[in-house]
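Visitor: Return a 3D structure for these sequence lines:
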Amino acid sequence: MEEIKLKQALTYDNIKNTKRHYIPFTGEFQEVFSTPQDKGVWLIWGASGSGKSSFVMQLVAEFARTYKVIYNSLEEEPDDDDFFLRMERCGIDSVRGNFHAVKDNYDELVQRLRKKQSAKVVVIDSATYFFKGRNAFQDYLTLVRKLFPKKIFIITAHARGNNPEDQLEFDIMHDANMKVRTDAYGAYNKGRKGRKKKPLCYLGRKIRRITRISKLNNMNRDDILLKVLQFDSQYERVFTSFERMYIQLERSKILQGEEFTQPEKLEKKINDVFMRALRMKWKPYN
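Guide: Below you'll find the predicted structure:
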C-alpha cells in the first residue's frame, strides 16, 4: 500500500495565531447575526410569500457595501420586472459597483469564480435549481469546501413547515455556517452565531404596525393604499409621481394575489400619511 503524505497537524498556537477576518455588519444585521467570519455558507429557506427573496436582496445590499457580489439567479430571469423592483427597493443602486447578476450553470459559475478579482460573495438562487443529479450534495461540497473555501456562499432553499423542503437542502442546512429561516417578513437566525431571539424585520416592521391599526378600522391593505392616495390628492400632495406609481403597482399586485413590498422609505411615508388621515378623521369627498 502506497504511503499517504499527511498534512502537518496544527498546534494550539498555530490555531490561535491564525488571522481571522469578520463580516463588518452594521445595525440590525449586526444585532441579529453578530460578526460571522467572512467565509462559508449561508442557507436561507422560507415558504413562498415569506419574503425570502426580499431578505436575500437586502442581505446582498449589506454585503455589497464591502465586497463584490455575484447573484446567480436561476429561479427567475435577472431582467424580470420583479427582480429589478426588488433591487430598487433594497438599495442596490447605492452599491451598484459591487453587484452583478448572472444565470450560470455549475461549470460556468466555477469558471467565473476562478478568475482573478472574482466576487467574494456568491448568491445561488436556488439549491435545487443549481445542484442537480445523484451527486448534487457532493458537487456542493466540492464547490464550497474544496474549490472556493474562502468565499461566502448564500444559498436559497424552499421550505416545508419550519425546515428546508428536500433532502439536498436539509443536508446543506446541516453543513452551513449560518442558517436563516424567513417567515412573515422576518429573518430568524437559526445558527450558532448571534441567535438573537427576535427576527431581523426587513422591510416589514412598518407594514405590521399599519396592519394592526387598519384591523381596528376594519380596513385591508388595498383600502389603506386607496385612502392614502385620495388623501394625498385632495389634501397634501406629498407623494411624487414615481411614488404614486409604486403604490398603484402594489394595488394591482394585490388584485393578482402576488407579493409586493414597498421601499422602506416609501412605506414609512405611506404609514405617516395614513396616520395623519386617521387623526384628522378625514373622509374622501363624495
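
Visitor: which residues sit in contact with the spatially closest residue to T182 that is not a sequence neighbour?
Guide: Spatial nearest neighbour of T182, excluding adjacent residues (Cβ to Cβ, 6 or more residues apart in numbering): G46 at 3.4 Å. The C-beta positions use only the backbone N, C-alpha and C, and glycine is treated the same way. When contacts are counted by Cβ atoms under 8 Å, 6 or more residues apart in numbering, G46 is found next to K52, F55, H158, A159, R181, T182, D183.

Visitor: and the fifth one, what does it touch?
Guide: Read that as R181. By Cβ under 8 Å, 6+ apart, the neighbours of R181 are I44, W45, G46, A159, N162, A187, Y188, K190.

Visitor: Go through those residues and name the one nearest L143.
Guide: Nearest to L143 among those: I44, at 17.0 Å, using Cβ to Cβ.

Visitor: give me every residue that touches the closest one.
Guide: By Cβ under 8 Å, 6+ apart, the neighbours of I44 are K52, F55, V56, L59, I154, I155, T156, A157, V180, R181, T182, A187.

Visitor: Likewise for R65?
Guide: V95, N98 are the contacts of R65 under Cβ under 8 Å, 6+ apart.

Visitor: The most centrally placed residue in the chain and P78: what is the separation?
Guide: When Cα atoms, centre = their mean is applied to the chain, the residue found nearest the centroid is V56 (1.4 Å). Counting by Cβ to Cβ, to the nearest Å, the gap from V56 to P78 is 13 Å.

Visitor: Show me where this structure has its helices.
Guide: Ranges of helices within the chain are 12-16, 27-33, 52-63, 81-89, 106-113, 127-130, 136-141, 167-175, 205-216, 221-231, 241-255, 264-279, based on DSSP state H.

Visitor: In CSV: the ones you listed, plus mean pLDDT and distance to K150.
Guide: Output for the helices of the chain, formatted as CSV (pLDDT from 0 to 100; distance: least, Cβ to Cβ, whole Å):
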stretch, mean pLDDT, distance to K150
helix 12-16, 90, 17
helix 27-33, 85, 19
helix 52-63, 91, 15
helix 81-89, 85, 27
helix 106-113, 97, 11
helix 127-130, 95, 20
helix 136-141, 97, 15
helix 167-175, 95, 17
helix 205-216, 50, 35
helix 221-231, 86, 44
helix 241-255, 84, 39
helix 264-279, 80, 32
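
Visitor: Could you export the ones you listed as TSV, including distance to R96?
Guide: What follows is those, written out as TSV (distance: least, Cβ to Cβ, whole Å):
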stretch	distance to R96
helix 12-16	39
helix 27-33	20
helix 52-63	10
helix 81-89	9
helix 106-113	19
helix 127-130	25
helix 136-141	30
helix 167-175	30
helix 205-216	26
helix 221-231	29
helix 241-255	19
helix 264-279	18
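
Visitor: How many residues are close by the nearest residue in space to E76 that is not next to it in sequence?
Guide: What sits nearest to E76 in space, not counting adjacent residues and going by Cβ to Cβ, 6+ apart, is F83, at 5.6 Å. As a burial measure, F83 scores 19 neighbours (other Cβ atoms under 10 Å).

Visitor: can you check the one 3 residues further on too?
Guide: Neighbouring residues of R86 were enumerated by other Cβ under 10 Å; the total is 20.

Visitor: So it is in contact with K52, correct?
Guide: No: with contacts defined as Cβ atoms under 8 Å, R86 does not count as touching K52, sitting 11.1 Å away.

Visitor: what's the distance between C90 and S53?
Guide: Counting by Cβ to Cβ - C90 and S53 are separated by 10 Å.

Visitor: One more: E77?
Guide: 13 Å.

Visitor: neighbour count winner among these two?
Guide: S53 (25 against 12).

Visitor: for the more buried one, what are its contacts?
Guide: Applying Cβ under 8 Å, 6+ apart, the residues near S53 are R86, D125, T156.

Visitor: go with 6 Å
Guide: By Cβ atoms under 6 Å, 6 or more residues apart in numbering, S53 lies in contact with nothing.

Visitor: same question, A136
Guide: Contacts of A136 by Cβ under 6 Å, 6+ apart are L168.

Visitor: Kindly report the same for the one 3 residues further on.
Guide: Applying Cβ under 6 Å, 6+ apart, one finds that D139 lies in contact with F131.

Visitor: Thanks a lot, see you next time.
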